[in-house]
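**Student:** mind folding the following:
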Amino acid sequence: MIGQGPATRSSPLAFGTDGIRLLDDLLRKKLKVGNPSDVGEMLKALQGLYPDKDAAITAEGLGLPPTTALATTATPTAALAPRSFASSEYDAVLTEMQNDFATVVAAAENRDYNVELGGWQSSALREYAEGSQAARLAQDPGQRERSLLAIRRLNEYAFAIRVVATTLGESFWDFRRLATTLDNAADNLRILIGEALYDVGLAMNGMLLQVPVSDFRARGESLNDSLDGWLTGNQEIFDDWGVRLSSYRAFFDALDPDLRVYARPEGLRAAVDSLVNAVVNGMTSNSADALRQLSITAPPEIARLGRVLAVATTVLGVPATASSSLSIFVRSLGLFIDAFNNPRGGVLYIDLALPSPLSGRKLSPALLPQRLALRAAIDTRSAYSEVLEANLAYQPRTPTEALFLFVSDVLLLFMHLTVDAQANA
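**Tutor:** Below is the predicted model:
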């Protein structure tokens, strides 16, 4: 339009605040950087992602043909690094899953429902693949939860396959073998989670929050908005005929002088954004340095916010000073603080990934009772599974035998769930 300056012309690059945050999250996830605004960190990540192009640009800068770099560039360190046990086992278990599924799908007696078995095969293989990808980023609670869901599904698939096997004839043992392979796949995902947490440095110390990055950030924004709306009444939800102002005054007066900074929108936002940025950087980086630092700096801040929550809750309990705006603030603040509950939940997966002497040195001595309980749960489950499969010298024929086997398989499933409950305690 004539007369329209470039400042008012719409542009696909004119991101808002939400767009910038989404772009930052994408860069953190894809490049494994903690701070996308750090030019040096971004440069190092891109050089690692495109080593050949980096070498070609360096050679061209020295006056050499770019192709020279391809012949002189050393093999990247990542290519020479030994694979972890779980990564190597992943390929072996995947091959076993594919072979076992192929056996039951191709069996002559199963030809009437091989389409259903094929769907089961696709679902199990997809869960194993997606679960392993998520497990390698286990410092992010969202990814860890996705891998735990894959573990749960694989164990449940194994249980369902064992139940189906009791109704079959010739394929009984093939189905039981497939179920054992699915349980092995679930165990491998558990080890991958432990390796990921150990690799980023969360063994001895560091916050291991239970809230995904996007959820935690949304809680912080909700808290900031609740205080701002309480003070300004800028939204209809905060408009309660002036009662909000009297409740805010009572809340402000009840606070200790050192806590009144949290009753001001700019003061609360500074504290909340600092915690959110530290958590986001730690969860999305390939190093847990930010989470380890947060384990020292966050507890005092959370304790102060807890004192603010106690005062706000007290004011809300007095009918003369209660208001809907105060109620929204109390719920938002409580939800934000709850994100720091159980800040080391899941660290015991490291005990599954490391040899016992090494995990004893790397994990806190205070975790010894929990480590022993986890090891006992694993040993009990392994012994029970071995006895269960070894004692199946015959295929169940009578209803009583089939019921006994069903109950035994249910108990085995509960033992798998107990392992995860112990690891997340």
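
**Student:** show me where the stretch 101-250 of the chain has helices.
**Tutor:** 114-135, 141-165, 172-199, 213-232, 243-254 (DSSP state H, counting those that start in this stretch).

**Student:** closest one to Q98 among those?
**Tutor:** With CB to CB, the closest approach to Q98 among the helices of the stretch 101-250 of the chain belongs to helix 114-135: 7.3 Å. The way it works is simple: take the backbone N, C-alpha and C, and place the C-beta from them, glycine included.

**Student:** what comes into contact with the closest one?
**Tutor:** Outside helix 114-135, the residues within contact range by CB atoms under 8 Å, 6 or more residues apart in numbering are 90, 93-94, 97-98, 101, 104-106, 110, 143-144, 146-147, 149-151, 153-154, 157, 161, 182, 185, 188-189, 192-193, 196.

**Student:** surely V243 and P319 touch.
**Tutor:** No. Using CB atoms under 8 Å, V243 is not in contact with P319; the gap is 10.6 Å.

**Student:** higher neighbour count, these two?
**Tutor:** Each of V243 and P319 has its neighbours counted (other CB atoms under 10 Å); V243 has more, 16 against 6.

**Student:** what's near enough to touch the more buried one?
**Tutor:** The contact partners of V243, by CB under 8 Å, 6+ apart, come to 322-325.

**Student:** any idea how far F175 is from F101?
**Tutor:** 10 Å (CB to CB, to the nearest Å).

**Student:** out of the two, which sits in the more crowded spot?
**Tutor:** Neighbour count, other CB under 10 Å: between F101 and F175, F175 has more, with 24 against 21.

**Student:** quick one on the thing from earlier: which of the contacts of helix 114-135 are buried?
**Tutor:** Neighbour-count burial (16 or more other CB atoms under 10 Å) applied to the contacts of helix 114-135 gives 90, 93-94, 97, 101, 104-105, 110, 143-144, 146-147, 150-151, 153-154, 157, 161, 182, 185, 188-189, 192-193, 196.

**Student:** what about V104, distance to L335?
**Tutor:** For V104, the distance to L335 (CB to CB) stands at 47 Å.

**Student:** please read the previous query as pertaining to V276.
**Tutor:** 13 Å.

**Student:** more neighbours, the two?
**Tutor:** Shown here are V276 and L335; by other CB under 10 Å, V276 has more neighbours (21 against 17).

**Student:** now for that one: which residues touch it?
**Tutor:** 216-217, 220.

**Student:** and after the helix or strand containing it, which helix or strand comes next?
**Tutor:** For V276, the enclosing helix or strand under DSSP states H and E is helix 265-284. Downstream of helix 265-284, the first helix or strand assigned by DSSP H and E is helix 289-316.

**Student:** which SSE is immediately downstream of that next one?
**Tutor:** Tracing the chain past helix 289-316, the next element assigned as helix or strand by DSSP H and E is helix 324-338.

**Student:** what's that next one packed up against?
**Tutor:** On a contact count with 3 or more CB pairs under 8 Å, 6 or more residues apart in numbering; DSSP states H and E, helix 324-338 meets helix 213-232, helix 243-254, helix 289-316.

**Student:** the helix or strand hosting I378 - what's its average pLDDT?
**Tutor:** Here I378 sits within helix 368-390, counting by DSSP H and E. Taken as a whole, helix 368-390 carries a mean pLDDT of 88.

**Student:** elements contacting it?
**Tutor:** Applying 3+ CB pairs under 8 Å, 6+ apart, we find helix 368-390 packed against helix 172-199, helix 349-353, helix 356-362, helix 399-423.

**Student:** may I see the buried residues of that helix?
**Tutor:** By neighbour count with 16+ other CB under 10 Å, helix 368-390 contains the buried residues 370-371, 374-375, 377-378, 381, 385, 388.

**Student:** give me the angle between it and helix 399-423.
**Tutor:** Comparing the axes of helix 368-390 and helix 399-423 via axes from the mean of the first three to the mean of the last three CA atoms, to 10 degrees yields an angle of 160 degrees.

**Student:** could you give the angle of helix 368-390 to helix 172-199?
**Tutor:** 160 degrees.

**Student:** which residues are contacting helix 368-390?
**Tutor:** For helix 368-390, the external contacting residues (CB under 8 Å, 6+ apart) are 176, 180, 183, 348, 351-352, 356, 359-360, 363, 408-409, 411-412, 415-416, 418-419, 422-423, 425.
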